[in-house]
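1. this one's sequence-less:
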């Protein structure tokens, strides 16, 4: 959990202390995925594939929802190199 909190504090992931396993209908997956197109390499390639020809499918909804935070999600794209 300490590493997750570090990533959260640096703005890389959403709030890590959540039990939520489903996204709200208004969560904009496409905007997040588009941000990964700006990162060179396989992240960009995969993001482009997801956004082409309706390849993206919304994540399956789990059973838990704390009604406070979305599931743990990348918050921004960074170059892993």
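-> Alright, I've got the coordinates. What you see is a predicted model; the values in this text were computed from it and never measured. Numbers count the residues shown, from 1 in each chain.

2. please count neighbours and contacts with C-alpha atoms only from this point.
-> Will do.

3. in the helix or strand where residue 32 lies, what counts as buried?
-> Assigned by DSSP states H and E, residue 32 belongs to helix 29-36. Within helix 29-36, the residues scored as buried using 16 or more other C-alpha atoms under 10 Å are 32, 33, 34, 35, 36.

4. now the residue of the chain positioned farthest from its centre. Its backbone dihedrals?
-> Distance from the C-alpha centroid of the chain, by C-alpha atoms, centre = their mean, peaks at residue 53 (20.3 Å). Per-residue torsions, residue 53: phi 50, psi 40 (degrees, to the nearest 10).

5. any idea how far residue 25 is from it?
-> As judged by C-alpha to C-alpha, to the nearest Å, residue 53 and residue 25 stand 21 Å apart.

6. ditto for residue 48
-> Distance of residue 48 to residue 25, given as C-alpha to C-alpha: 22 Å.

7. residue 78 too?
-> According to C-alpha to C-alpha, residue 78 and residue 25 sit 26 Å apart.
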